[in-house]
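Student: compute the structure for the input listed below.
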Amino acid sequence: MNRLIQRWTPVALSFTLAACGNSDDDPKISVDNLNEGAYTVSTGNADAPTVGRYLAAADGSRLLVIGDDNGVARNLYRRTGSGDWVAVPPVGQDTRIALLRQDPLVVATPTLASVAGHYVTTSPPEGAASFSITTDGRIVADATSACRLTGTLGTGVLPGTLKLELATSGCGELPTSSTGVLSVDPDLAPASFRLIADDRSKVIDLRAFAE
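Tutor: Got it, this is the predicted structure:
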């Protein structure tokens, strides 16, 4: 994890927040647009940067993941196709995110076959979750795992991802139902991938390690 944070240290991103003109309107969110691909970004200032990822698809879909001091996602900004940006957790005022620097990143394209196997996560805090992924994209919880992860995977649109539908049971404060992506990333090693999802109010970020 330290290597992950150190690699992303040089990047910077600035936030500009503007008060809503009408409190009855939904907050407007805008994020600088980048060309198709994967990028390394960070938030804050050069003295105390926070890691992040920006994924851009050809159809206009975008995902900006902002992490905490440990690189765990705490905020998501996502857009489907040419739709509106959505912030998770939701914001209470108009928000504009201006990228000051972006570094392209080469990521592999996962397939259902390439991620099939047995995995364990080191979170949530309530305990590790053990699960398997089948060759047809089903996520199956281990019978002995207190935190049970189930769901399905499908072809992804964003670079380095598969589409994710996730359900949890016995996992503390994690949302019981969420959608997002399985994301592969060279900086995640020794983790095989991360599951990034949300229920429109809370973010899930689980690192999965092969067993």
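Student: tell me who's in contact with the closest residue to residue 145 other than its chain neighbours.
Tutor: Distance criterion CB to CB, 6 or more residues apart in numbering; nearest residue to residue 145, sequence neighbours excluded, is residue 130 at 4.3 Å. C-betas here are computed from N, CA, C, even on glycine. Each residue near residue 130 by CB atoms under 8 Å, 6 or more residues apart in numbering is listed here: 118, 119, 120, 121, 141, 142, 144, 145, 211.
Student: just these: which are in strands?
Tutor: Here DSSP state E is the test, and those give 118, 119, 120, 121, 141 as lying in strands.
Student: which one of the contacts of residue 130 sits closest to residue 63?
Tutor: residue 121 (20.2 Å; CB to CB).
Student: wait, isn't that closest one in contact with residue 206?
Tutor: Yes. Counting by CB atoms under 8 Å, residue 206 is a contact partner of residue 121 at 4.5 Å.
Student: these two: which has the busier surroundings?
Tutor: More crowded of residue 121 and residue 206, by other CB atoms under 10 Å: residue 206, with 27 against 22.
Student: any idea what the more buried one is bridged to?
Tutor: Counting by DSSP bridges, residue 206 is bridged to residue 195.
Student: in this structure, which segments are predicted with low confidence?
Tutor: 1-24, 43-46, 48-50, 126 (pLDDT under 70).
Student: would you map the helices across it?
Tutor: Taking DSSP state H as the test, the helices found in the chain are 2-8, 112-115.
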